[in-house]
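S.K.: Can you look at this prediction? I've put the sequence above it.
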Amino acid sequence: MPKEAIVRTIGLKKTFLLGKIPLHVLKGIDIEIYRGEYISIMGPSGSGKTTLFNMIGGLDKPTEGKVYIDEVDIAQLDAYELAWLRCRKIGYIFQTFNLIPVMTALENVMLPMIFGGMENDEAMNKAKELLETVGLGERLHHKPFELSGGQQQRVAIARALANDPAIILADEPTGNLDLKTGKEIIHLLKEMNKNKEVSIITATHDLKMLDVSDRVIWIRDGLIERIEDRENLQIKVGEVEGEEAG
Amino acid sequence: MSTQVPEKRKIEKQLVLPLKHAFNMSLRSIKIRFGRSIIVTSSIVLGIAFLMSILSSNAFIAGIIQKGPESLKIALQQNLDEIRTRQAWLVSLSLLVCVVGIVNAMLMAVTERSREIGTMKCLGALDKFIVELFLLESSIQGLAGSIIGVFVGALATLFIYLLRYKGLVWSIFPGQLIIKYSVFSILLGIVISVIGAIYPAYISAKLEPAEAIRREV
Ligand SMILES: Nc1ncnc2c1ncn2[C@@H]1O[C@H](COP(=O)(O)OP(=O)(O)O)[C@@H](O)[C@H]1O
Ligand SMILES: [Mg+2]
């Protein structure tokens, strides 16, 4: 079976203007991500991971270059189609969880389904199921501030999965979590990746992610430094850790 | 381009925010940020109370002119036009101040909730949903504020007229007119709240999701 590219970027560039001074954050990124892959985008803070993530997720427009999601050039989509893409095709997870504070865990997970036109009861059942899957069956009616960071991130994962997206984009999903909770979240993501056949793209500098990734894309200063397969990765982990520490 | 979009997608492509949910979300936003809601609502209460006090005072005067004793009629009719013009100015000014207050408070709400707005957009919210939520929230506050304002304004005026004209007030009581003015004031209060929320709602709807989420509050 030929590999199917779910995400493809071609010559992706992003420049921010700080006053009159241009800041070239992405300087030409070409990547192809296949259906069902677990990809980590690794790079030091400020290397442009979030910016790349925003381009891929249709949350911001590139200065130059193209993003294809499922072979559709997202620059060609109108506002409605773009919102639809965000609703149905992509699930987003953030470092700061970003749950809607006035809503319970259950309502947070229901929201994308409601936007997507699902009936209330159906959405509620599915949201309950998803929350059970992420281990929060007992916390359906808690508000975000009543949940720990790890629990909030679990709600966010359930919410990202709500409309059975093809892709989950997770920007530093473990960035605000302690070591143990971070590991749990990583393994939960991996489990979803396997069971639900959703492609996962995480932007991170958390080396714990290396274990579960199919491929790792290293970026530095807005350029791809190297792309490594899982097999080659094993050998290098030690070396990388040394590099990072030093 | 359209050839690249599978047919199936075109059909099931729909994004909705049912009114029930929108209403629910607006109510909760008002509740959870009660402090700011009070500021918006009380500015409407004041504006509408002032309007209503003037309207009901006019109603009482009209009642006295119609049914009251001859001596009072002449006294009241003398500077009526001049007084009315001055009143119109005052009311307009107070309502304008009221709108400015709402715009201000709502703009604060946009800043405060920037990340929430960005997140909703990531979940598939159209710009229109965001506008809807803001306008709904503002009209709920407008409704609540105007109802309170109408009571405050009408009761205060009644009290003043009772002090001045005693029992006469009851014999000329312009019930119908007061009801008419109340309804008018409440509607106007809602309209004003919506007008005050339009610009902030537009600003928030136009936020790019990436930018909205990046903002630290
Ligand atoms: N909207 C923006 N305006 C100006 N500069 C930005 C903006 N977004 C990101 N940057 C800058 O781009 C660089 C890369 O940021 P980011 O993509 O967030 O990196 P990372 O996620 O890898 O830490 C940083 O120097 C950051 O300050
Ligand atoms: Mg980042």
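M.R.: Nice, I can see it. Ligands and ions are numbered 1, 2, ... in the order given.
S.K.: Secondary structure class of the residue in chain B that chain A sits nearest to, three-state.
M.R.: Of chain B, the residue with the smallest distance to chain A, taken as C-beta to the nearest C-beta, is B:Gly124 at 2.4 Å. (Glycine included, C-beta is placed from N, CA and C.) Under the three-state scheme (DSSP: H, G, I helix; E, B strand; the rest coil), the conformation of B:Gly124 reads as coil.
S.K.: hmm, which helix or strand of chain B has the shakiest average pLDDT?
M.R.: Among the helical and strand segments of chain B, the one scoring lowest on mean pLDDT, DSSP states H and E is helix B:7-12, with a mean of 49.
S.K.: All the strands of chain A, residue numbers only.
M.R.: Assignment of strands within chain A using DSSP state E yields the ranges A:5-18, A:21-34, A:38-42, A:64-69, A:72-73, A:90-93, A:167-171, A:199-204, A:215-220, A:223-229.
S.K.: I'd like to know how many residues surround B:Glu70.
M.R.: Counted with other C-beta atoms under 10 Å in any protein chain shown, the neighbours of B:Glu70 add up to 6.
S.K.: Quick check: the residue of chain B found nearest ligand 2 vs A:Glu32, distance?
M.R.: Of the residues in chain B, the one nearest ligand 2 is B:Arg214, at a distance of 9.5 Å by C-beta to the ion. Between B:Arg214 and A:Glu32 the distance, using C-beta to C-beta, to the nearest Å, works out to 27 Å.
S.K.: could you give the mean pLDDT of whatever helix or strand comes next after the least confident helix or strand of chain B?
M.R.: Secondary structure here is assigned by DSSP states H and E; on that basis, the next helix or strand after helix B:7-12 toward the C-terminus is helix B:19-32. Per-residue confidence for helix B:19-32 averages out to 89 on the pLDDT scale.
S.K.: got a list of what the residue of chain A found nearest ligand 2 touches?
M.R.: As assessed by C-beta to the ion, ligand 2 sits closest to A:Thr50 within chain A, at 3.2 Å. Residues counted as contacts of A:Thr50 (C-beta atoms under 8 Å, 6 or more residues apart in numbering or on different chains) are A:171-172, A:203.
S.K.: Go through those and name the one with the lowest pLDDT.
M.R.: Comparing pLDDT over the contacts of A:Thr50, A:Ala203 scores lowest. The value there is 90.
S.K.: OK, contacts around it?
M.R.: Contact criterion C-beta under 8 Å, 6+ apart gives A:40-41, A:43, A:49-50, A:52-53, A:169-172 as the residues in contact with A:Ala203.
S.K.: Below-threshold pLDDT in the chain: ranges please.
M.R.: Using chain A. Low-confidence regions of chain A, defined by pLDDT under 70, span residues A:1-2, A:234-246.
S.K.: ah, I was thinking of chain B
M.R.: Residues of chain B that meet the criterion pLDDT under 70 lie in B:1-13, B:216-217.
S.K.: would you list every one of the helices in it?
M.R.: Taking DSSP state H, the helices of chain B run over residues B:7-12, B:19-32, B:34-67, B:70-77, B:80-112, B:114-122, B:127-165, B:168-171, B:175-206, B:209-214.
S.K.: And the strands of chain A: which comes nearest B:Val40?
M.R.: strand A:90-93 (31.1 Å; C-beta to C-beta).
S.K.: Surely A:Val25 touches A:Leu12?
M.R.: No: the criterion here is C-beta atoms under 8 Å, and A:Val25 misses it with A:Leu12 at 10.5 Å.
S.K.: Which one of these two is surrounded by more residues?
M.R.: Using other C-beta under 10 Å, the more surrounded residue of A:Val25 and A:Leu12 is A:Leu12, with 24 against 18.
S.K.: Could you find the closest non-adjacent residue to that one?
M.R.: Closest residue in space to A:Leu12, ignoring its immediate chain neighbours: A:Gly65 at 3.8 Å, by C-beta to C-beta, 6 or more residues apart in numbering or on different chains.
S.K.: check contacts around A:Gly116.
M.R.: Contacts of A:Gly116 were listed using C-beta under 8 Å, 6+ apart, and they are A:87-88, A:162-163, B:14-15, B:124.
S.K.: same check, this time on A:Ile224
M.R.: Listed by C-beta under 8 Å, 6+ apart, the contact partners of A:Ile224 are A:29-31, A:217-218.
S.K.: can you count the residues close to residue 156?
M.R.: Picked chain A for this. The local packing count at A:Ala156 equals 27, with neighbours defined by other C-beta under 10 Å.
S.K.: other chain: chain B
M.R.: By other C-beta under 10 Å, the burial measure for B:Ala156, its neighbour count, is 16.
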